[in-house]
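> from the sequence below, what's the structure:
(chains A and B)
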Amino acid sequence: MPEITLIEGLRQGMDEELARDESVFIVGEDVGARGGVFRATQGLHEKYGDMRVMDSPLAELSIVGVGIGAALYGMHPICEIQFADFIHPAFNQIVNEAAKMCYRSNGEWTVPMVIRAPYGGGIGGGLYHSQSIEAFFAHVPGLKVVVPSTPYDAKGLLKSAVRDPNPVLYLEPKKGYRLIKGEVPDDEEVLVPIGEAKVTRRGSDLTVLAYGMMHHYTLQAAEAVAEDGIDVEVVDLRTLLPLDKQALLASVQKTSKVLIVHEDNLTGGFGAELSALIADEAFVHLDAPVKRLAGPDVPAVPFSHPLQDWFMPDAAKIAEAIRDLAAF
Amino acid sequence: MATEVIMPQLGESVVEGTVTKWLVSEGDEIEEFDALLEVNTDKVDTEVPAPTSGVLLKIYVPEGETVQAGTLLAALGERGETPPEAPEPTPAAAEEKEVEKIEPPAETQPQQSVSAGRSDDLGFISPVVARIAAEHDLDLRKVSGSGRGGRITKKDVLAFIESGETAAKPAAAPWESPASGELFRPTEEVFKSAAKASTSAKPGEVIPHTPVRKSIAQHMVRSKETSPHVTTVMETDLSRVVKHRETNKALFERDGVKLTFTAYFAAATVRALREVPLVNSSWGDDGVHLHPHVNLGIAVSLGEDGLIVPVIKGAEQLSLLALARSVNDLARRARDRELEQEEVQGGTFTITNHGVAGSLFATPIINQPQAAILGVGAIEKRVVAVEMEAPSGDIEDVFAIRPMLYLSLTFDHRILDGAVADHFLGKIVNLLETWS
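Okay, here's the model as predicted:
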């Protein structure tokens, strides 16, 4: 099985869906001849042409708005937001139009659309190229929010998102684009169902819930603390909305201790929802307080490298939090 | 806090010792590890060192007295500190020693822990530890903690349970093991107060009637006089139920529930009763009263004490898990004579599982004022003829070995006719055979 990068998994997913269904098209800033600012769509314009891989004006509101209109006409748009930091102008289109369409038309109209957005820090991007925006959107019923953390899931979730009849926000941990590698079969169709978490490491002492880049770091941290005899179970959430409650509650029930890791800042972050859910539905299984490791509550990821390191959770910080929880 | 000095256990089988000499007087200071007193047992003579430095506040056991291991001997502390109260007087005074040696002490010692056990302050008890302790009826004071600040963790409790130091596990539900009583004769009248049947009577003597026996007798005669009893029998293949139980046993156990076959019979019966409501009824002078809910009685044998039929109220609202939990709970409490009056009343249909004693099928007596009673026979592997698809695609008859069982339905012919009764019983058979 060939080993590929996360961004290559994503690119393969888009390529296969473009080939499979003529109603699939890509629209976004510089996605055409330039192949996207991260090269996620490299080669696709050449292969599928102007009508399938389309450059847009520098206006996120219109990228999503165009996508919604096309989707209502039976197309399957993949809208690229160059950095998740710039998704905010499109907030109204996503929340008020795309997410509510199926509900407000009593199921007669749906918006089969994917919105791709690279998110997260640790790349020296500073305030406007490092944001994590999942908590805003995981709050919106009618949307689906997925975050792959491996090349396999990047490919499989993208393909499932394209085929989903409703809007899917597909968040890409851009720090891991080329850092995270993994095996993806090239002789079979890769589809990962939306709404399923995955236990990526079995353990008995405590559970770490993570997604995206933090999931990658968590696996490293779990290896590090294994040398101290701490047996960590790791759950990659993969889909934040709808959340796979069963999988994570099963793990909580097994280990009775939970650490939640995300790089988005702490207050009102997705970890708060997970924590509340666990307190609500698994209280009698808990042997320790539910702990959260998250970015600090400052307005953005700082540009200065030492301050960026201070902001970002990493394998060492996760290992420390694991040791602390294990000792409780 | 004063430090307590207790009589040490000076060998595995040595449970008591005699204080032969106090080496320090009350009010004197002593260093840690210095000899405090001399002790004599029937095996050894030894010195007991001071567990800590300080002033000997009080001597509780005078020289010459024999006490059990674990008894408080003295208190060490700071000058002026009040020593703790002496516990209950200890037995085994010197003059009684000879007697003591012949007869083991009749009473156990008061809670003067031998090992340096925990005080009543257990520290923080997490929800999961509290739950496990409650489920296993554990005394958490016996569990040592490895968490932060000595906190008892889930692992500590599980390790404690694993070590087998807890009380023996409760026995299986009565219908999961062979019973000796007449399980298919229900009554509503056996309670906590139930008198123990006299088993001491020998042949030629009379066993006096207990209230329970009298009540069973009256009920059985009355039922037979009231309802024209008819019994119909069907056979069912339990392969799917057996498979489902194998697959889900561990899952149920995770929720603290033992998954029994009885739960399946109960679940199938409840569903069939919903589909054929006439069976869930009672005869009345004005007409047949259909009951709004399924209150399922399950006969539990109490051995020679008779039997009792606890009732699962509103059983139609319960999942297999909840049914299994109810069945186990009622069975345990029936056996322990802990049922409340209302828990054996209001039944609308009864199941009796006479199969646990090996009975293949039986004709139970209806539990008045119900319309019918289901008898569950023994599960046996039998050779049966089944149809199978041959490699050629033809349907062929072949022998197969299957877990089979007979179900008997005894019904009140005033209310039900054979066709309806068979339809109902067939539903149960079908539900069990197609279980998924």
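
> can you give me the strands for the stretch 201-328 of chain A?
For the stretch 201-328 of chain A, the strands defined by DSSP state E, counting those that start in this stretch cover A:206-210, A:232-236, A:239-241, A:258-265, A:291-295.

> deepest in the core, which of these is it.
Of all the strands of the stretch 201-328 of chain A, strand A:206-210 carries the top mean neighbour count, a mean of 29, counting by mean count of other C-beta atoms under 10 Å in any protein chain shown. For the C-beta atoms, the positions are set from N, CA and C on the backbone; glycine is no exception.

> so what's A:Gly121 up against?
A:Ser130, A:Gln131, A:Ser132, A:Lys175, A:Glu263, A:Gly295, A:Val301, A:Gln308, A:Phe311, A:Met312 (C-beta atoms under 8 Å, 6 or more residues apart in numbering or on different chains).

> in chain A, which residue sits nearest chain B?
In chain A, the residue that lies nearest chain B is A:Asp287 (4.1 Å; C-beta to the nearest C-beta).

> related to what we said a few turns ago, for the strands of the stretch 201-328 of chain A, give me TSV that also has distance to A:Gly182.
Putting the strands of the stretch 201-328 of chain A into TSV (distance: least, C-beta to C-beta, whole Å) gives the following:
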stretch	distance to A:Gly182
strand A:206-210	16
strand A:232-236	12
strand A:239-241	18
strand A:258-265	20
strand A:291-295	24
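
> could you dump those to a markdown table with mean pLDDT and distance to chain B?
What follows is these, written out as a markdown table (pLDDT from 0 to 100; distance: least, C-beta to the nearest C-beta, whole Å):
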| stretch | mean pLDDT | distance to chain B |
| --- | --- | --- |
| strand A:206-210 | 98 | 11 |
| strand A:232-236 | 98 | 14 |
| strand A:239-241 | 98 | 24 |
| strand A:258-265 | 98 | 12 |
| strand A:291-295 | 98 | 13 |
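
> and of those, who's closest to B:Ala378?
The closest approach between B:Ala378 and any of the strands of the stretch 201-328 of chain A, judged by C-beta to C-beta, belongs to strand A:232-236 at 43.3 Å.

> contacts only, for A:Ala84.
Neighbouring residues of A:Ala84 by C-beta under 8 Å, 6+ apart: A:Ala117, A:Pro118, A:Tyr119, A:Gly120, A:Gln131, A:Ser132, A:Ile133, A:Leu171.

> buried subset of those residues?
A:Ala117, A:Pro118, A:Tyr119, A:Gly120, A:Gln131, A:Ser132, A:Ile133, A:Leu171 (16 or more other C-beta atoms under 10 Å in any protein chain shown).

> what bridges to the last one?
Counting by DSSP bridges, A:Leu171 is bridged to A:Ala117.

> settle this for me: it is touching A:Tyr119, isn't it.
Yes - counting by C-beta atoms under 8 Å, A:Leu171 sits close enough to A:Tyr119 to count as a contact (4.9 Å).

> quickly list what's touching both of the two.
In contact with both A:Leu171 and A:Tyr119: A:Ala84, A:Ile133, A:Glu134, A:Gly212, using C-beta under 8 Å, 6+ apart.

> which of the residues you listed fall in strands?
Using DSSP state E, no member of the shared contacts of A:Leu171 and A:Tyr119 sits in strands.

> residue boundaries of the strands in the stretch 101-250 of chain B?
B:229-237.

> which residues of it lie near chain A?
B:Ser126, B:Pro127, B:Val128, B:Val129, B:Ala130, B:Arg131, B:Gly147, B:Arg148, B:Arg151, B:Thr153, B:Lys154 (C-beta under 8 Å from any C-beta of the partner chain).
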